[in-house]
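[1] predicted model follows, preceded by the sequence.
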Amino acid sequence: MALPAFLRLHLLDDRFPALHGARALAVVMVLQVHASNLLVLRFHQPDRPLYYASRSAWFGMDIFFILSGFLIGTMLSRGDAVSSVRGIGRFYLRRGFRIFPLYYLVLTVLALLPITTALQRSTLFWEYAYATNYIVFEHRNLVMPWAWSLCVEEHFYLVVPLVLLLLRRVSSEKRRFGLLFGLWALGGALRVLDGLAHFNPRDPDGQFLRLFVRTHDRFDILVIGVAIALAYRNHQARFEALLSRPPLRFALGTLAMIGLWLCVAPPAAIGAIPTLRESLSWGTFTSVLCGALLPLIIAGSGLFKSALSAPFFRPISTLSYGIYLIHIPVGEHLALPVAMSMKLGPGSTWLLSVFLLWFFSMTGAYVLHLLVEKPMLTLRDRVSPSTPERAR
């Protein structure tokens, strides 16, 4: 039985179905890591092996980043998308309708709740300006410290049309991809230099804030997504023909496994000084992992792509933005207290915490989608209608 129209989702574009599965996987990875962190910071010390296994899947946000790079790159690589001020303005307008209403609503509501301190309210300007990843802060001093990734995304949205406009002026395609490769390498180099310049083994949190959350240290994974988008759009037939060959798929799968090992291996297995290892992990190693997997997801074949293309991932993918926005307060004040009240063992508490965090966050995101996102997206499509090739 079909749902009434007002209860239906404004579903994401379905041109690349497997990307919905990848986004849903990224959401689960982020939620389970944050559930572990909250259990340690707010409630109790969970089972150590389980906690460390959970923390090893820390790169869910990098999956979001490469998907954003690919989808935005695909959207803007259309012939007229970045060829004029009007085209760039249209991109900004549609992004604004997609991103701003829900972000500012959630931020404002949280700021008005009794759980927010006066100190947190004093930094609201930076949060409204998408600048919290460039101020020195402790997480407890912000209303939404987890929104650092949204700052990175917003800075990317502001800059990427101009980058693609400049690339259009480069006559040689080889030079365009050479410039993108150089831009990717620059991101890793800046992160290494930042890490070496500010290395302080006594301040791991400060190291994290300098290397993990700042846009100029994190844009390389987004660049990989843009490069794959341009390669796919400009050479789709050849791209898909190459991915139909088992040897290439095997090579990419092997490269992805190497990237995965580099991301999750214990520090002693990789060696090198800690700051260098972290600098390479937070963007370079994930570029290897995600950059090898993305072509398999968009143009490969077989069980992996088929599984990620399952239809039930599309609604989850559609709600992923809302889930991310609210999952921390939902976890702190609802999901984890309920899980802890059950008085279960550490492992069972963790599993129940992750499930409840997922369930309550998705339920809240669905309500927000119906009340905020869906009306805003409908208004957006009236103000600036989409074109057949435009992904959301």
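    Great, that's in hand. Since we're looking at a predicted model, the values are computed, not measured.
[2] the residue lying closest to Trp358 once chain neighbours are set aside is in what secondary structure piece?
    Closest residue to Trp358 in three dimensions, ignoring its sequence neighbours and counting by C-beta to C-beta, 6 or more residues apart in numbering: Leu31, at 5.7 Å. (C-beta placed from N, C-alpha, C; glycine too.) Using DSSP states H and E, Leu31 sits within helix 17-38.
[3] would you mark the buried spots in that helix?
    Buried residues in helix 17-38, counting neighbours by 16 or more other C-beta atoms under 10 Å, are found at 17-27, 29-38.
[4] ok, the residue nearest to Trp358 - contacts?
    Counting by C-beta atoms under 8 Å, 6 or more residues apart in numbering, Leu31 makes contact with 323, 327, 354, 357-358, 361.
[5] can you do 10 Å?
    Going by C-beta atoms under 10 Å, 6 or more residues apart in numbering, Leu31 touches 60, 323-324, 327-328, 330-331, 335, 353-355, 357-358, 361-362.
[6] compare the residues you listed and tell me which is most surrounded.
    With neighbours taken as other C-beta atoms under 10 Å, the top of these is Ser353, carrying 28 neighbours.
[7] for Val192, see how far away that residue is.
    36 Å (C-beta to C-beta, to the nearest Å).
[8] sorry, back to before: now do the helix holding Leu31: distance to the chain's middle.
    On the basis of C-alpha atoms, centre = their mean, to the nearest Å, helix 17-38 sits 9 Å off its chain's mean C-alpha point.
[9] run through the stretch 151-300 of the chain and note the low-pLDDT ranges.
    Low-confidence segments of the stretch 151-300 of the chain, defined by pLDDT under 70: 199-206, 266-274.
[10] mind listing what's buried along the helix or strand where Gly182 lies?
    Gly182 belongs to helix 173-197 when assigned by DSSP H and E. Across helix 173-197, burial judged by 16+ other C-beta under 10 Å covers 176-177, 179-180, 183-184, 187-188, 190-192, 194-195.
[11] tell me which of those is nearest to Leu124?
    Checking the buried residues of helix 173-197 against Leu124 with C-beta to C-beta, the nearest one is Asp194 at 26.9 Å.
[12] shouldn't the closest one be in contact with Arg214?
    Yes: with contact defined as C-beta atoms under 10 Å, Asp194 counts as touching Arg214 (7.7 Å).
[13] alpha carbons of stretch 293-300, as PDB, please.
    Below are the C-alpha coordinates for stretch 293-300, written out as PDB (Å, rounded to 0.1, in the frame of the first residue of the first chain):
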ATOM      1  CA  LEU A 293      36.500   1.500  -4.800                       C
ATOM      2  CA  LEU A 294      34.500   4.300  -6.400                       C
ATOM      3  CA  PRO A 295      35.100   3.200 -10.100                       C
ATOM      4  CA  LEU A 296      34.000  -0.300  -9.100                       C
ATOM      5  CA  ILE A 297      30.800   1.200  -7.500                       C
ATOM      6  CA  ILE A 298      29.800   3.400 -10.400                       C
ATOM      7  CA  ALA A 299      30.900   1.300 -13.400                       C
ATOM      8  CA  GLY A 300      31.900  -2.100 -12.200                       C
END
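[14] so Ser386: helix, strand or coil?
    coil (DSSP: H, G, I helix; E, B strand; the rest coil).
[15] my guess is it contacts Leu93. True?
    No: between Ser386 and Leu93 there is no contact under C-beta under 10 Å: 11.7 Å.
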